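**Student:** Here is my input; please provide its structure:
(one chain, ligands or ions: 1)
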Amino acid sequence: MNASSPEALRRGWCPSTLKPMETGDGWLVRLHPPGAWLTPAQLRRIAALAGQHGSGLVEISARGNMQLRGVTAQSHPELVATLLAERLVDEHEGDGPQRLTLVSPLSNPPRHCEERSDEAIHGAALDGRLDCFASLAMTRSSVKPPSSPAGPGDLIDALALAAEIEARGREVVGLPAKFAVVIDGGGESSLEAFAGDLRMVATAPGRVVIALADRFWFGPLAESEAGAAVAQTMARFAARRAQAPDVLRRMDDLGAAELAALCDWPATEPPPPRPAPRRAGLFALGDHHAALVGLPFGRAEAATLDRLARAAETRGCPEIRLSPWRGIAFRGLSQPDAMVLLDGAAADGLIIRDDDPRLSVQACAGAPACSRAEAPAMTDAAPLSQALEPLLAEGRTLHVSGCVKSCARPAASDLTLVGEGGRYRIVIGGSARDSAVATLDLSALLTRLQPGQDLHARLIAAGRLPGPTA
Ligand code: SF4
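**Tutor:** Take a look at the predicted model:
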């Protein structure tokens, strides 16, 4: 197996377990645990493999997938064989998405959905449509908490829908690797911040509306019809894309009329916006609790994860879900046990509070880890997040990119810093490809972002920071 270098990558390509990506610090191997779901013992096993076959650095991506860094051509075959043999990953052949759906790590089936959840997952496994969910279904049965109370306000069983859509999606040939279906249960854990080709939002118990490219909304549909409707839309998109695969990379590449032609349901209004969700801390999920821990800039040492997983195991945590807020949710805990887990995570420098400024920063690996990097983005992200704490506390976003490729965040941010020859191009309210207002080294940047300095004033003038009160 050869790794693909960044230079060799065509747009839309994604690394995976079988297709690693070459970076400045070795190969990056992306793992897709079945259902984005692990036990503490499995997390400890992955941490051990990260140290044994890679550099010991583990990342969680903004799609809730895990990445091991520093893997080599020599260590990769044994790593893959172990991951597959122990069913730690759900890998399949082909160029389509390895993981199609994005679900909140705090999703829980409402009571009226509990039976359907297990039936959907077991059914998918038993009829062979979704081999990966066989192990998931068995494991869920054996480790399920004593009761499965409603999640934080979810109106549908998002997990069962995700299992169904993953199964149906594998029968659709021609979907782009980055194709994403966001499944939002309609509760407190809103996924509005995550882009999706298709977005399903629960608006009433058992009812959903669906968006294509976040522009064309249709429905409402019964929850039981939604999987088939999404599958039909995906199949039509794949057929349309087959006519121009290099032009149609995402649903958003289609015009309004073409989007409307992809589904048979009536158009509807988008659901009203919901408050931003908490991304870290303690969560009550009915009669049990979850500890949601963020990894600073999405990265942690394997030894840190091992300590965390060991603590979770000791407290009988049955279920871990990977979080698109670049963290890990430990579920099925008592409140005291969840608090102890959070305290331990904080002592290890991990994120346990939603107001931690590091949660609002996207940073790629940068130099020296990435061979294309022109600045040490990940290293510089820590002092920058401290200097910009007032901006980040306002819910604003900072993106630190080692080069113009923008792996961590293609979209615009309130402040985007783009590595160029050891300094940073500074873009206010735009993406890495937009015009810069200045190019500075880190020291000058930190100085000129302080109150009273010119960059601080420009952020206020652009409406990205609150101005002085009269
Ligand atoms: S954006 Fe970052 S990770 Fe991506 S190629 Fe550039 S330096 Fe490397």
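
**Student:** Phi first, then psi, for Ala280.
**Tutor:** Main-chain torsions, Ala280, degrees, to the nearest 10: phi -160, psi 160.

**Student:** quick one: it from the ligand, how far?
**Tutor:** 24 Å (C-beta to the nearest ligand atom, to the nearest Å). C-beta here means a position set from N, CA and C on the backbone, and glycine is covered the same way.

**Student:** For the ligand, see how far away the most centrally placed residue in the chain is.
**Tutor:** The residue lying closest to the centre of the chain (C-alpha atoms, centre = their mean) is Arg63, at 2.2 Å. The gap separating Arg63 from the ligand is 16 Å, by C-beta to the nearest ligand atom.

**Student:** just checking, that residue touches Arg99?
**Tutor:** Yes: counting by C-beta atoms under 8 Å, Arg63 does reach Arg99; the two are 6.5 Å apart.

**Student:** all helices for the stretch 101-250 of the chain, in order.
**Tutor:** 114-126, 132-143, 158-169, 223-241 (DSSP state H, counting those that start in this stretch).

**Student:** Compare those and say which comes out lowest on pLDDT.
**Tutor:** For those, the weakest mean pLDDT is recorded on helix 132-143, namely a mean of 39.

**Student:** residue of this structure with the smallest distance to the ligand?
**Tutor:** Proximity to the ligand, evaluated over the chain using C-beta to the nearest ligand atom, is greatest for Gly402 at 2.6 Å.

**Student:** low-confidence ranges in this protein?
**Tutor:** Within the chain, the stretches with pLDDT under 70 are 1-13, 109-152, 469-470.

**Student:** Domain-wise, how is it divided?
**Tutor:** According to automatic domain parsing, the chain comprises the domains 6-85, 101-260, 281-354, 359-461.

**Student:** so can I have TSV of those domains showing distance to Pro272?
**Tutor:** Listed next are the domains of the chain as TSV, based on distance: least, C-beta to C-beta, whole Å:
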stretch	distance to Pro272
domain 6-85	25
domain 101-260	9
domain 281-354	22
domain 359-461	18
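
**Student:** Go through these and name the closest to His92.
**Tutor:** Closest approach to His92 among the domains of the chain (C-beta to C-beta): domain 101-260, 6.8 Å.

**Student:** Report the distance from the closest one to the chain centre.
**Tutor:** 15 Å (C-alpha atoms, centre = their mean, to the nearest Å).

**Student:** Repeat that for stretch 36-49.
**Tutor:** On C-alpha atoms, centre = their mean, the centre of stretch 36-49 falls 18 Å from that of its chain.

**Student:** swap in stretch 328-346?
**Tutor:** Per C-alpha atoms, centre = their mean, the centroid offset for stretch 328-346 relative to its chain is 21 Å.

**Student:** Touching, Ala180 and Ala211? I think so.
**Tutor:** No: counting by C-beta under 8 Å, Ala180 does not reach Ala211; the two are 12.0 Å apart.

**Student:** These two: which is more packed in?
**Tutor:** Remark: of Ala180 and Ala211, Ala211 carries more neighbours, 22 against 19, as counted by other C-beta atoms under 10 Å.

**Student:** Give the full set of residues in contact with the closest residue to that one other than its chain neighbours.
**Tutor:** Spatially, and ignoring its direct neighbours in sequence, Ala211 is nearest to Arg199 (4.2 Å; C-beta to C-beta, 6 or more residues apart in numbering). With contact taken as C-beta atoms under 8 Å, 6 or more residues apart in numbering, Arg199 is in contact with 181-182, 184, 191, 210-211, 214.

**Student:** Also Leu221?
**Tutor:** Per C-beta under 8 Å, 6+ apart, neighbours of Leu221: 207-210, 229, 265.

**Student:** What about those residues, which one has the most neighbours?
**Tutor:** Highest neighbour count within those, by other C-beta under 10 Å: Val208, with 28 neighbours.

**Student:** List the contacts of that residue.
**Tutor:** 156, 186, 200-202, 219-221, 223, 226.

**Student:** what two of those are the furthest from one another?
**Tutor:** Spatial extent of the contacts of Val208 (C-beta to C-beta) is set by the pair Gly186 and Leu221 at 13.3 Å.

**Student:** Partner strands of the helix or strand where Val400 lies and their direction?
**Tutor:** Following DSSP states H and E, one finds Val400 within strand 398-401. Next to strand 398-401 in the sheet, as set by DSSP bridges, lie strand 361-363 (parallel), strand 413-420 (parallel).

**Student:** ranges for the helices of the stretch 251-400 of the chain?
**Tutor:** Using DSSP H, counting those that start in this stretch, helices in the stretch 251-400 of the chain cover 256-260, 302-314, 335-347, 377-387, 389-393.

**Student:** Would you reformat the ones you listed as a markdown table and include distance to Pro277 and mean neighbour count?
**Tutor:** Formatted as a markdown table, the helices of the stretch 251-400 of the chain follow (distance: least, C-beta to C-beta, whole Å; neighbours: other C-beta atoms under 10 Å):
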| stretch | distance to Pro277 | mean neighbour count |
| --- | --- | --- |
| helix 256-260 | 27 | 14 |
| helix 302-314 | 22 | 20 |
| helix 335-347 | 17 | 17 |
| helix 377-387 | 20 | 20 |
| helix 389-393 | 16 | 17 |
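
**Student:** any chance of those helices in JSON lines, plus distance to Ala41?
**Tutor:** Formatted as JSON lines, the helices of the stretch 251-400 of the chain follow (distance: least, C-beta to C-beta, whole Å):
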{"stretch": "helix 256-260", "distance to Ala41": "44"}
{"stretch": "helix 302-314", "distance to Ala41": "6"}
{"stretch": "helix 335-347", "distance to Ala41": "16"}
{"stretch": "helix 377-387", "distance to Ala41": "29"}
{"stretch": "helix 389-393", "distance to Ala41": "35"}
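
**Student:** Of all these, which one comes closest to Glu93?
**Tutor:** helix 302-314 (28.3 Å).

**Student:** Quick check: Pro357 touching Ala387?
**Tutor:** No: taking contacts as C-beta under 8 Å, Pro357 lies outside contact range of Ala387: 9.5 Å.

**Student:** Next to the ligand, which bits of the chain? Give me the list.
**Tutor:** Residues of the chain lying close to the ligand (C-beta under 6 Å from any ligand atom) are 6, 364-366, 370, 372-373, 377, 401-403, 405-407.

**Student:** at 5 Å instead, please
**Tutor:** Neighbours of the ligand within the chain, by C-beta under 5 Å from any ligand atom: 364-365, 370, 372-373, 401-403, 405, 407.
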